[in-house]
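K.L.:
sequence and predicted model, in that order:
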Amino acid sequence: MPAHFAARLRTRTLTLNTRLCLGLDPREDAYHSRAELRTHTLAVLDACAEVVACVKPQLAFYEALGLWGMELLEEVCDAARALDLPIILDAKRGDIGSTAAAYARAWLSGQHAGAALTVNPWLGFETLEPFIEAAQQGGGAVFVLVKTSNPGQADLQGGGHSERVAAKLTARASRLPLEHGLSSIGAVVGATHPHELAQWRSQLPHAPLLLPGLGAQGAKAEDLAGAFFPDGSGAVVSASRGIQYASGNDVQAAVSAAQSFRDGLNAGLERR
């Protein structure tokens, strides 16, 4: 059985003292050629590896590049595994029946075994089961959308709906084994809701949390301490554009941005 994803993430967080997740979203219009895109994306991954707890490729940017982009995604995942970086594949998949099972096979088994995947619960809670089962079998994890970082999330996630999702996830996690108090069922909660993070941490006591929205979406690293357990584990905060394109395609600028985000997250923890 592969190592439990949440346990790997916790160990790396505490060993390297970083709660930062590196988002890698290669934008073709930022480069003169695909060769430059590939070189820069892999260089940012390699240069930032010791500053971050995990890496999160957003599948949409690789899918937009066609077959070549999917080959690049495989390169990114292979490089991350060689660096012992936990991988969260950000796909927000969700479907019914055999289609959900096929998505789970595609992204949580085979060469992706042990990786985590973001999933969408809004088609019904039974649609999560194929993903949860595949994650359990492969030592991986799912990160279920609970309250996303975009302003329009309140259209469907307000009115207590996000709280209901959180309650369902907590109940489902209670039937799974834990490692260091962490389940293989994680949750996505936007870093753009800093005043709610302690509430979500309480409602999702065993869930590793993924907090998107740092940097370009306006979330501040220093404001996010409420998402973490007392030992500083239990959550990672992702930044993509704010690292990969911190100053054009300057790799050293990406490293400096990642260090700044990491230090800001740590400073927020020290002040709480």
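P.N.:
Thanks, I have it.

K.L.:
all helices of the stretch 51-200 of the chain, in order?
P.N.:
Taking DSSP state H, counting those that start in this stretch as the criterion, the stretch 51-200 of the chain carries its helices at 59-63, 66-82, 97-108, 129-138, 154-157, 161-173, 197-203.

K.L.:
need the contact list for the closest residue to residue 73 other than its chain neighbours.
P.N.:
Nearest residue to residue 73, sequence neighbours excluded (C-beta to C-beta, 6 or more residues apart in numbering): residue 62, at 4.2 Å. Just so you know, the C-beta spots here come from the backbone N, C-alpha and C atoms, and that holds for glycine as well. Shown in contact with residue 62 (C-beta atoms under 8 Å, 6 or more residues apart in numbering): 26, 69, 70, 72, 73, 76.

K.L.:
go again with 6 Å.
P.N.:
Taking C-beta atoms under 6 Å, 6 or more residues apart in numbering, we find residue 62 in contact with 69, 70, 73.

K.L.:
just to revisit the earlier point, okay, the helices of the stretch 51-200 of the chain in TSV with mean pLDDT and distance to residue 20 next?
P.N.:
Below are the helices of the stretch 51-200 of the chain laid out as TSV (pLDDT from 0 to 100; distance: least, C-beta to C-beta, whole Å):
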stretch	mean pLDDT	distance to residue 20
helix 59-63	97	19
helix 66-82	96	14
helix 97-108	95	23
helix 129-138	95	23
helix 154-157	84	25
helix 161-173	96	24
helix 197-203	97	16
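
K.L.:
in JSON lines, list those helices along with distance to residue 245.
P.N.:
Formatted as JSON lines, these follow (distance: least, C-beta to C-beta, whole Å):
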{"stretch": "helix 59-63", "distance to residue 245": "12"}
{"stretch": "helix 66-82", "distance to residue 245": "16"}
{"stretch": "helix 97-108", "distance to residue 245": "25"}
{"stretch": "helix 129-138", "distance to residue 245": "31"}
{"stretch": "helix 154-157", "distance to residue 245": "29"}
{"stretch": "helix 161-173", "distance to residue 245": "30"}
{"stretch": "helix 197-203", "distance to residue 245": "26"}
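
K.L.:
quick one: buried residues of the helix-or-strand element of the chain with minimal mean pLDDT?
P.N.:
For the chain, counting by mean pLDDT, DSSP states H and E, helix 154-157 ranks last in confidence among helices and strands (a mean of 84). By 16 or more other C-beta atoms under 10 Å, the buried positions in helix 154-157 come out as residue 157.

K.L.:
one more: stretch 79-95?
P.N.:
By neighbour count on 16+ other C-beta under 10 Å, the buried set for stretch 79-95 is 79-80, 85-95.

K.L.:
residue 23 should be in a helix, yeah?
P.N.:
No - per DSSP: H, G, I helix; E, B strand; the rest coil, residue 23 lies outside any helix segment and is strand.

K.L.:
having no further points to raise, I will conclude here.
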